[in-house]
Structures are given as C-alpha cells and as structure tokens.
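> Turn this into a structure:
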Amino acid sequence: MSFFHWLATGSSRGIYLEQKKEPALSKPALPFYSAATLQSQPFQHGFDITKPLDKKQLTEIAAMAHIIDEHDGKALAKKLEQCPKKKISVVCADAIDDEPYVSSQINPLLHHRLEIVQALNWLADAFEADSRFIAVYKNMSALDTKIPSRIESVEVRRMQGRYPMEIRAFHDLGSDTLIVGTAALLHLYRAVTEGRVQTTAFVTVNGNCITNPCNLEVTIGTPVSQLLERCGLSLDPSFVVEGGAMHGIRITDLEKTTVRADTRSVMAFHVDRKEQLYNCIGCGRCIEACPVGLNPQKLYQCVTTHHLQKAVSLGLNHCISCSTCSYVCPSRMDLSYVISSEKQKLSEKNEQ
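Numbering: from 1, shown residues only. As a prediction, this is how the structure comes out:
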C-alpha cells in the first residue's frame, strides 16, 4: 500500500496526545522586542487600500514586508506568485497546533482574529476562491478560551484525528487549496495597513520546567537563551528543543541558536532520572501507531545492522519523522531519530 494511500485511509493509525497547552494558549502573546523591531521603519506600498487589492498588489506587499509563512517556512510572496499557475478554489488559514504544548498558531487567531480574517478575505477575494475557512485542531481540552465556530462569517473548521493530524488534514485538502499560517496572515494585514516589515515571529515557550509558559511575539534573531530567561526556569532543563516535543530538534548551544521567522516553539524539559534504553520487547505498539503503516522496529533493526537496501524495501523513504513510534515505545528506543537520520543520509547521497 502506498504512502499517499496510508495518509488518505489510515486515520485509525497514529495516537492521541495530551495537549498541555494551558496556560500559554489563553494569554495574549507577550511582546519581546529588540531594537531591530522597535527601530524598524515602515514602507510605503502606494496602493489604495480602500479598494480591493489584486493578486499582484498583495504579492508585492508580501515581498516588501519579507513575510515568511510559518506553515511551511516559505516566503509568502513566492507562494502567491506560484498561485496564478493553477486555479485556487479554497484559501485556508492554518491554526492547527496538534503537538503538545505548542499554541503559536491558534494563539494569534484567538487574540487577533479580526485582522487575520481580514487578510484571509483579501487573499480569497483576490484569487476569486470559491470558499475560505480557518483550520483548528479539534482534540483539545481544558481550554480557558473557547474557540468560536465562525469569525466574521468565516467558518472555523475543527479538524479531528490522531497525531500527526496536520499532515493528514492538509494532504486531503488538494492542490487547489492555498494554505497560509495565521501568523503570516497577521503580518500581511500589518504590511497592508501599516507598512510594517516582518521582524518578529510568534513562538510558544513551554515545557515542564518553564516557570511562566507563554506565547511571545519575539524579534527574529533573538537567542533562545533570552527566551528561557524571559519565561523563567523552575528547574535546570535536561534538554531544550526547537520545533515541538514530538519532532523537535535538540538545541545544544542556547546562545548561538536564534529565533527564525518560521520558529514556532521552544520547549525545555527536566527529566528526574536518566532515561534508560532497553531492548525491543516485541509489543508491536510502534507498528500500530505509525500513521504511514510502517514497521519501525524492523526499519530500526535494518538501519542499525547496515542492511540499507532492505530498509528501503520496507519503506524507509516513506517515514515522515513524526516521532510517534518513539513516543509509544515502552523500551524508550529512539526509533524515529535513527530511522530519520538514515533517511536523510540516503537523500543527501542521492542528490550528489
């Protein structure tokens, strides 16, 4: 069965994760600016915003504002330039935060809803889209802030399913859908109405040793160490990751690692005892949980014993690096990292 068939039909695979988004989600994002933001000068785009803006105008404004879409890390202007090559039927605002602790896309939506919807409507009208909607993750509980069903007549669509939900949800939408992150939409609104260049990113700072979990609107280029200092540490972190608790990348140098335009989260965790690695007990949980239908234990075995061709035949290239297998493994085997690393090495070798 193919990778794409698994994405379309494997909704019973994957896992449900405890979200742990509060109290960061309910509070508005706090400003954490450096001189690069405070001293940034507005630009003049010269367009009459009392009239509808067309595709070319919105693209030019996005380029002047240097907006990066946190949904995929791409320049918004380049994404809009590519859209005229195909019919855009649907425009979607991505507010899906399906990883634990992370709320850096839905938080701006809840606290800047009118601005984000306005920018969404500009894009939908400019591309003459048939419909528009905002995508949020349904499987969230214990929220102090309620998610509305509509914002200014735009549907808020609750996408449900097992992790990794975001990958499945957007695969099913089709190639005629333009997907833009909520933070990028907010930056587009500011660029149109105020001539503001994007100098900030919305970042969730969270984890079990963060004293004040919150979302920050932080100046791009700010060291991770300053984010942790700003939010406080109740315990010395055993490790810090960027990009989420599930598939984040471990940060080894907190001073040199800085916030990028598409940075969505920084997580700090304290482990009370050293993690122990055991041998596989053959429980099959990783197989049941894998959203792509792979056998992570066999892939791990092939990779660690240097049977690369067999690993490829078992679907190595179809791994989506979601870390679900590592999360459910009772033996605490680092399945995802080993498999993903080998897949990356193979990809780099093929490109040479």
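> for the record, mean pLDDT for the longest helix anywhere in the chain?
For the chain, the helix with the greatest residue count under DSSP state H is helix 335-351. Averaged across helix 335-351, the pLDDT comes to 88.
> same thing with stretch 124-142?
87.
> Pull out the buried residues from that stretch.
Across stretch 124-142, burial judged by 16 or more other CB atoms under 10 Å covers 124-127, 129, 132-137, 139-140. The way it works is simple: take the backbone N, C-alpha and C, and place the C-beta from them, glycine included.
> so of these, which ones are in strands?
In this view, these that belong to strands under DSSP state E are 132-137.
> Which member of the residues you listed is positioned nearest Ile106?
Proximity of these to Ile106 (CB to CB) peaks at Val136, which lies at 5.9 Å.
> Which pLDDT value goes with the residue lying closest to the closest one once chain neighbours are set aside?
Spatial nearest neighbour of Val136, excluding adjacent residues (CB to CB, 6 or more residues apart in numbering): Ala95 at 4.8 Å. Looking at Ala95, its pLDDT is 95.
> same question, the one 10 residues further on
Each residue has a pLDDT score; the one for Gln105 is 95.
> just checking, the residue nearest to Val136 touches Met140?
No: applying CB atoms under 8 Å as the test, Ala95 and Met140 come out as separate, 11.2 Å apart.
> Burial check on Asp94, number of neighbours?
25 (other CB atoms under 10 Å).
> Check the secondary structure at it for me.
strand (DSSP: H, G, I helix; E, B strand; the rest coil).
> can you check the one 5 residues further on too?
Reduced to three states with three-state DSSP, the structure at Glu99 is coil.
> hmm, back to that, can you name the two of the buried residues of stretch 124-142 that are farthest apart?
Ala126 and Asn139 (33.0 Å).
> hang on, the earlier thing: so can I have CSV of the ones in strands among the buried residues of stretch 124-142 showing distance to Thr37?
Shown next, in CSV, are these (distance: CB to CB, whole Å):
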residue, distance to Thr37
Arg132, 30
Phe133, 31
Ile134, 27
Ala135, 29
Val136, 28
Tyr137, 29
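> circling back: now for the longest helix of the chain, which elements pack on it?
With contacts defined as 3 or more CB pairs under 8 Å, 6 or more residues apart in numbering; DSSP states H and E, the packing partners of helix 335-351 are helix 296-304, helix 308-313, helix 324-328.
> what about the nearest residue to Cys214 once chain neighbours are set aside, how many neighbours?
Distance criterion CB to CB, 6+ apart; nearest residue to Cys214, sequence neighbours excluded, is Ala24 at 5.1 Å. Around Ala24 there are 24 other residues, counting by other CB under 10 Å.
> Likewise for Thr263?
24.
> Then Val338?
17.
> what sits against it?
Under the criterion of CB atoms under 8 Å, 6 or more residues apart in numbering, the neighbours of Val338 are 300, 303-304.
> List only buried entries from those.
In the contacts of Val338, burial by neighbour count holds for 300, 303, counting by 16+ other CB under 10 Å.
> can you redo the contacts of Val338 as JSON lines with pLDDT?
Listed next are the contacts of Val338 as JSON lines, based on pLDDT from 0 to 100:
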{"residue": "Tyr300", "pLDDT": "91"}
{"residue": "Val303", "pLDDT": "91"}
{"residue": "Thr304", "pLDDT": "88"}
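> ok, the contacts of Val338 vs Met159, which is closest?
Distances from Met159 to the contacts of Val338, taken by CB to CB, are shortest for Tyr300, at 30.5 Å.
> give the contact list for that closest one.
Applying CB under 8 Å, 6+ apart, the residues contacting Tyr300 are 280, 333, 335, 338-339.
> which residues sit in contact with Cys83?
Neighbours of Cys83 in contact, by CB under 8 Å, 6+ apart: 55, 127, 178.
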